[in-house]
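# okay, predicted coordinates and the sequence, questions at the end:
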Amino acid sequence: MAMKPHGKSIVSSDYDEKVVFFKDLSLGHQESQLRFRLIHFWEAWNPLKKTLIGMEMLLIDEKGTLIQGFVSPGRIKKYLPDMKRGFVYKLNNFYRSRNKAVFRVADHTVTVSFSWNSELSVFRDCHIPFDEDSFRFHSYEEFQANCNLKGDLYDVVGHMKLVNGQSIVEAPVLDEVEIAKARRVLIHIQSHDGPVMKLYLWDQAARDFCKKFKSYERTPTVLLVTTVNTKTLGGTLALTSMSSSRVFMDYDVQPTIDYFAWLGANPDIAEQVNAEIVTKRETMTIGEIFSYIKQETAKDAFFECTATIDDVVHGSSWYYIACSGCHSKVSKGPTSLICTNNKCEKVNVSGVAQYLSKISVYDNGDQAVFVLLGDVGRELTGKPASELVRSYFEANGNEGVNHEAPVPEALISTIGHKHKFCVKVTEHNFSGKTRSLTVTKILPLDTPPATESSEGNKTTAASEETFINHVGSAEGSKRTCDGTDLEEAKRLKRED
């Protein structure tokens, strides 16, 4: 297809008396002809019933007017084989229905619906310019004003700050296997000098993002995503992709080219917002955290939650014996302790007691179980688990080898106290494997919001795996200090 400068193609000029433009359409059946470029088409599904609603389209005519198109499920097989994105078509006989009230992708009040006698054909050998594409951009303030309304879906363009938590200036590495498993990518994006926004790309949009991102020799900076939905997650604006969303980067389309040029002329903007700021933990109540976990768009996240401790959960040990090197659980071998982490390079393993405590907390009538791992327990009690276990066995040296140290007074004395907890929700929460929330840090009540990156990952992945893999049941959570474990526990030294 021949092309003109500025993204316009050449189509024929022979007019048909029955041709109408999008701007002149009103409701009802029409036997006239439409001529348009097919920008995009996608399947629309009912997310609750998991049923196909139909195929939706974004069309643009020679006057540059956008309109939404629709093909019912029963007619998709008839028209889909002839439909190609970017091609110009003629459509004879169609029905003009009212545009839907939710998730609109065009301003027009009418939707072009294919009827039983519609005739679709490629418009060949033409000389009329049709725009290649058209966008409807919103700023942060406009997205904020229309948040949670489920009305029109607008486009966003800006420069990326983080991709799945990795700074864009450090050339993020995308794990396509992990992204395919999670079905999502999280990008922190800033449009010009506005606030940074969280942008969640799902399914096809996530796959398209990965493909485009990896196709660039240099790390791309500018991102344009069409038809995003706006939601509030934990009181913070979040943008999410839809089935209709398309992904463009640096030099893909004119708006990204223009933005890239603007960013080059304003280099200070790229460094204006520290990447750590955009990962600020969101403040939520217990009820809001569990509501977030139930959302389809939920992903791994950190939250701050102020709650009061009302009990230390009994029925399982409050600590476990860990490898002094990687903090994974150790098991008793024939003559020594063995680290259960295959990647641990420590040869002479010594055991050290680490917190693995469950506390019951409440706020505003909601209740939850929080899990304290590793140094987090020390932040609550002021003492490391190793010291508390050692003190108990030093005072009760005649206890049997199968005995374990009971819940110490240092933990019990926290009941009734209110704290600001930083908690993490993960795939284990979304899959229903556990309803317990892992605490990553405990802060004074007057501490201002911090960032995820400032937590320093004090709760190690090994400790979290210990919790998930070994605390799923009362049997799995039981820790006994028999044989070597008992002697190691008695010799534990206080850690810095």
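Looks like it arrived, so ask away.
# my guess is Ser113 meets Gly69, correct?
Yes: the criterion here is C-beta atoms under 8 Å, and Ser113 meets it with Gly69 at 7.4 Å. For every residue, glycine as well, the C-beta is placed using N, CA and C.
# downstream of the longest strand along the chain, the next helix or strand is which one?
When the chain is parsed with DSSP state E, its longest strand is strand 28-46. Sequence-wise, the next helix or strand downstream of strand 28-46 (DSSP states H and E) is strand 51-60.
# list the buried residues in that following strand.
Residues Gly54, Met55, Glu56, Met57, Leu58, Leu59, Ile60 are the ones in strand 51-60 that count as buried (16 or more other C-beta atoms under 10 Å).
# again, but for stretch 28-43
Neighbour-count burial for stretch 28-43 [16+ other C-beta under 10 Å]: Gln30, Gln33, Leu34, Arg35, Phe36, Arg37, Leu38, Ile39, His40, Phe41, Trp42.
# and Gln190, how far is that from Asp107?
26 Å (C-beta to C-beta, to the nearest Å).
# element containing Val157?
Per DSSP H and E: strand 154-163 holds Val157.
# mean confidence for that strand?
In this model, strand 154-163 carries a mean pLDDT of 94.
# quick check: next helix or strand after it?
strand 166-167.
# now do that following strand: distance to the chain's middle.
Its chain's average C-alpha position is 15 Å from that of strand 166-167, according to C-alpha atoms, centre = their mean, to the nearest Å.
# each with direction, which strands does that strand pair with?
When sheet partners are counted by DSSP bridges, strand 166-167 sits next to strand 154-163 (antiparallel).
# got the CA coordinates for the strand it pairs with in CSV?
What follows is strand 154-163 as a C-alpha-only set of coordinates in CSV (Å, rounded to 0.1, in the frame of the first residue of the first chain):
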residue,chain,number,x,y,z
TYR,A,154,-7.9,6.9,27.5
ASP,A,155,-4.3,6.6,26.5
VAL,A,156,-1.2,7.4,28.5
VAL,A,157,2.3,8.3,27.3
GLY,A,158,5.3,9.0,29.4
HIS,A,159,8.8,7.8,30.4
MET,A,160,9.4,4.7,32.4
LYS,A,161,10.9,4.9,35.9
LEU,A,162,10.7,1.2,37.0
VAL,A,163,9.9,-2.0,35.3
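# please pull out the lowest mean pLDDT helix or strand from the protein.
Lowest by mean pLDDT, DSSP states H and E among the helices and strands of the chain is helix 474-477, with a mean of 30.
# stretch 366-376 - what's its average pLDDT?
89.
# residues of stretch 292-311 that come out buried?
Neighbour-count burial for stretch 292-311 [16+ other C-beta under 10 Å]: 292-293, 298-307, 309.
# just the ones of the residues you listed in strands?
Going by DSSP E, the strands hold Ala301, Phe302, Phe303, Glu304, Cys305, Thr306, Ala307, Ile309 from the buried residues of stretch 292-311.
# and the residues you listed, which two are furthest apart?
Ala301 and Ile309 (22.8 Å; C-beta to C-beta).
# before we move on, back to that, using CSV, lay out the buried residues of stretch 292-311 together with distance to Pro195 and pLDDT.
Listed next are the buried residues of stretch 292-311 as CSV, based on distance: C-beta to C-beta, whole Å; pLDDT from 0 to 100:
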residue, distance to Pro195, pLDDT
Tyr292, 21, 84
Ile293, 26, 86
Ala298, 22, 72
Lys299, 20, 69
Asp300, 22, 72
Ala301, 18, 78
Phe302, 19, 80
Phe303, 20, 86
Glu304, 19, 89
Cys305, 24, 91
Thr306, 25, 93
Ala307, 29, 94
Ile309, 35, 94
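# buried set for the host helix or strand of Asn92?
Using DSSP H and E, Asn92 sits in strand 88-98. For strand 88-98, a neighbour-count test (16+ other C-beta under 10 Å) marks Val88, Tyr89, Lys90, Leu91, Asn92, Asn93, Phe94, Tyr95, Arg96, Ser97 as buried.
# now for the longest strand of the chain, which elements pack on it?
strand 51-60, strand 88-98, strand 130-131 (3 or more C-beta pairs under 8 Å, 6 or more residues apart in numbering; DSSP states H and E).
# mind checking which of Ser113 and Gly69 has more residues around it?
Gly69 (23 against 18; other C-beta atoms under 10 Å).
# leaving out sequence neighbours, find the closest residue to that one.
The shortest distance from Gly69 to any non-neighbouring residue, by C-beta to C-beta, 6 or more residues apart in numbering, is to Met57 (3.4 Å).
# tell me the bridge partners for that neighbour.
Beta-bridge partners, per DSSP bridges, of Met57: Phe41, Gly69.
# quick one: contacts for it?
By C-beta atoms under 8 Å, 6 or more residues apart in numbering, the residues touching Met57 are Leu38, Ile39, His40, Phe41, Trp42, Gln68, Gly69, Phe70, Val71, Val112.
# quick check: closest non-adjacent residue to the third one.
Taking C-beta to C-beta, 6+ apart, and ignoring the residues beside it in sequence, His40 has Leu58 as its nearest neighbour in space, at 4.6 Å.
# quick one: that neighbour and Leu91, what's the gap?
Distance from Leu58 to Leu91, by C-beta to C-beta: 14 Å.
# got it, and Leu263?
For Leu263 relative to Leu91 (C-beta to C-beta), the value is 40 Å.
# I figured Gly325 hits Cys339, correct?
Yes: if you go by C-beta under 8 Å, Gly325 and Cys339 touch, sitting 7.1 Å apart.
# more neighbours: which of the two?
Taking neighbours as other C-beta under 10 Å, Gly325 and Cys339 compare with Cys339 leading, 24 against 18.
# could I get the full set of helices for the stretch 351-496 of the chain?
According to DSSP state H, counting those that start in this stretch, the stretch 351-496 of the chain carries its helices in the segments 375-381, 385-395, 409-412, 427-430, 461-470, 474-477, 484-490.
# which of these has the lowest average pLDDT?
Looking at those, the bottom one is helix 474-477 with a mean of 30.
# which parts of the helix or strand harbouring Phe213 are buried?
For Phe213, the enclosing helix or strand under DSSP H and E is helix 203-215. If you call a residue buried by 16+ other C-beta under 10 Å, then helix 203-215 has these buried ones: Gln204, Ala205, Ala206, Arg207, Asp208, Phe209, Cys210, Lys212, Phe213.
# OK, contacts around the third one?
If a contact means C-beta under 8 Å, 6+ apart, then Ala206 has Ile179, Arg183, Arg184, Val185, Ser241 as its contacts.
# picking up where we left off before, could you give the angle of the strand holding Val157 to helix 203-215?
Interaxial angle, strand 154-163 versus helix 203-215 (axes from the mean of the first three to the mean of the last three C-alpha atoms, to 10 degrees): 50 degrees.
# please identify the buried residues of strand 154-163?
Tyr154, Asp155, Val156, Val157, Gly158, His159, Met160, Lys161, Leu162, Val163.
# now the residues you listed as TSV including distance to Asn348?
Formatted as TSV, these follow (distance: C-beta to C-beta, whole Å):
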residue	distance to Asn348
Tyr154	61
Asp155	59
Val156	55
Val157	56
Gly158	52
His159	50
Met160	46
Lys161	44
Leu162	40
Val163	41
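# relative to Tyr355, how far out is the closest residue in space to Cys323 that isn't next to it in sequence?
In space, and not counting its chain neighbours, Cys323 is closest to Cys339: 4.1 Å by C-beta to C-beta, 6+ apart. The gap separating Cys339 from Tyr355 is 18 Å, by C-beta to C-beta.
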